[in-house]
Structures are given as C-alpha cells and as structure tokens.
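here you go, sequence then predicted model.
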Amino acid sequence: MKRHGLAHVPYDVRGIIQNARFGRACRVGRDVLLRHVTMGDYSYVEAGCRITGTRIGKYCSIAPNVTIGLASHPLGKAASTHPRFFRDAPEFGYDLTNRELHTEYNETTIGHDVWVGANAVIKDGVTVGNGAVIGAGAVVVRDVGPYAIVGGVPAKVIRQRFDDSTVERLQHLAWWDQDDEWLRRHLDKMLDVTQLIELSDAASAASLDHQA
C-alpha cells in the first residue's frame, strides 16, 4: 500500500484500496476497505473502517470500525429491495437487466478537521461540515453542520462546539489550508480558540486596511 503515497500502514494491513487518492502524511489502519475515496493532508483512518464514494478533508480523525457511504436500495414503488432487480452484475448472478436502474451510491463529503468516533455509520450522500464531531456508535442519516457535535441513532445535535460567531470566523480563517511554517508559528493559538480567533480578526483587519 506504500504505492498509494501513505505515510504509514501497518505491516499486516490486509486491506483493500481501490481508486483512492491521498494527501500528505495520511495513514490507514489494518483491515480497511477504501473504494473511490479521496483523503486530505494528515487525515487518518483506523482499523476496520469501510469507506466508499467519499471525499474526506484535511486533518480528519476517523476511529476504528467506522462505515461511511452505505449503499442505498430502492424503496417507494419497488416491490423488492434486492440488487438483482436493479443492478447489472452478472458475476453475482444479477442478470435480469443490462443497465443500472438505481443509483446505489451518492458521494459523501466529510469536511476538514472532522472527528468520527468508533463504530459510527454515515449514510451515503451526507455532508459533514468542517470541525464536526460524530459520536461513537452514531448513525448519521442527514447533513451535519460545521462544528456540531452529534450522537445517537439516528444522530441528533448534542451541542455546538463554539458559538456562531466563532464558527464563522474559523471557517473564514481556514487554518487547515495554512502551511507548516504558519502552524508552527501559531501552535499555541491552535490550542486556544480565543487566541486563534483574535489572530483571524487581526488578519482580516489588516486585509481591509490594505484594500483601503
């Protein structure tokens, strides 16, 4: 799996990676399945994860046994939910149709700096905003806003990590796009959101002064 450009993989990874792209210093645990996945810088996926059709941002932390991008099956008027009736896959014996009659996977988007707890499940087509936290064992079936903490089955908002003003300013700062020099210089501020916001405000004020 080193050919994928990953920073670290365990010696007994025993996983499957198909059509995946990785940013800098990404890593994966053992027994993972990644199909049609892109992963931003410094994001990691722990052991036992199953992720399909997903864009993962930078600095994401995905705990063990997380599933992202579950296939959907037809409901509504369909008499059966079994894929033999909507998939063209003769290798599985699904030979009733020669074309795909139902979209199984819609792309899932995980923003930057998202933490997904162990054993969480995120439905396909969902968007999880920057800075969100998905509680362990949660089942996410709808979009999650930036910096929200969600949990439960189905997942609901428990609380917001920060107030609306702080979230807006963090989104504007987009620290995850800064280079290593910037991060080293402001490491103390990364550990205190109040100081980081003050830095963001100062940068915005300087930009306005320059434009004036």
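Happy to help now that I have it.

what sits against the residue lying closest to residue 79 once chain neighbours are set aside?
Nearest-residue entry for residue 79: residue 85, 8.0 Å, with adjacent residues in sequence omitted and distances by CB to CB, 6 or more residues apart in numbering. Yep, even glycine has a C-beta here, placed from its N, CA and C like the rest. Going by CB atoms under 8 Å, 6 or more residues apart in numbering, residue 85 touches 78-79, 96-97, 101.

now residue 85: how far from residue 103?
For residue 85, the distance to residue 103 (CB to CB, to the nearest Å) stands at 14 Å.

now swap in residue 133 and tell me
Taken as CB to CB, the span from residue 133 to residue 103 is 29 Å.

what do you get for residue 186?
Per CB to CB, residue 186 is found 43 Å from residue 103.

neighbour-wise, which of the two wins?
Per other CB atoms under 10 Å, whichever of residue 186 and residue 103 has more neighbours is residue 186, with 15 against 12.

tell me the SS of the residue nearest to that one when sequence neighbours are not counted?
Using CB to CB, 6+ apart and skipping residues adjacent in sequence, the residue nearest residue 186 is residue 199, 6.4 Å away. Of the three states, residue 199 takes helix under DSSP: H, G, I helix; E, B strand; the rest coil.

offset the numbering so it begins at 201, please.
Okay, residue one is now 201; in that scheme the one you just asked about reads as residue 399.

buried set for stretch 231-251?
Residues 231-237, 239-251 are the ones in stretch 231-251 that count as buried (16 or more other CB atoms under 10 Å).

with stretch 357-366 instead?
Buried-residue list, stretch 357-366, by 16+ other CB under 10 Å: 360, 362, 366.

which ones among those map onto strands?
Within the buried residues of stretch 357-366, residues falling in strands by DSSP state E are residue 360.

next, name the residue at the spatial heart of the chain.
Relative to the mean C-alpha position of the chain, the nearest C-alpha, by CA atoms, centre = their mean, is the one of residue 310, at 2.8 Å.

partner residues bridging that residue?
With DSSP bridges as the criterion, residue 310 is bridged to residue 256, residue 328.

with residue 237 instead?
Residue 237 forms beta bridges with residue 220, residue 254, as assigned by DSSP bridges.

mind checking how far it is from residue 307?
Distance of residue 237 to residue 307, computed by CB to CB: 10 Å.

intersection of neighbour lists for the two?
253-255.

closest to residue 394 out of the residues you listed?
Comparing the shared contacts of residue 237 and residue 307 against residue 394 with CB to CB places residue 255 closest, at 30.8 Å.

pretty sure the closest one is touching residue 309, no?
Yes. With contact defined as CB atoms under 8 Å, residue 255 counts as touching residue 309 (5.0 Å).

out of the helices and strands in the chain, which is least certain?
The weakest-scoring helix or strand in the chain, judged by mean pLDDT, DSSP states H and E, is helix 393-411 (a mean of 70).

that older thread, so which of the buried residues of stretch 357-366 is the closest to residue 259?
Within the buried residues of stretch 357-366, the smallest distance to residue 259 is 16.5 Å, found for residue 362 (CB to CB).

how far away is the nearest residue to that closest one once chain neighbours are set aside from residue 398?
Spatial nearest neighbour of residue 362, chain neighbours left out: residue 347 (5.6 Å); criterion: CB to CB, 6+ apart. Using CB to CB, residue 347 is found at 18 Å from residue 398.
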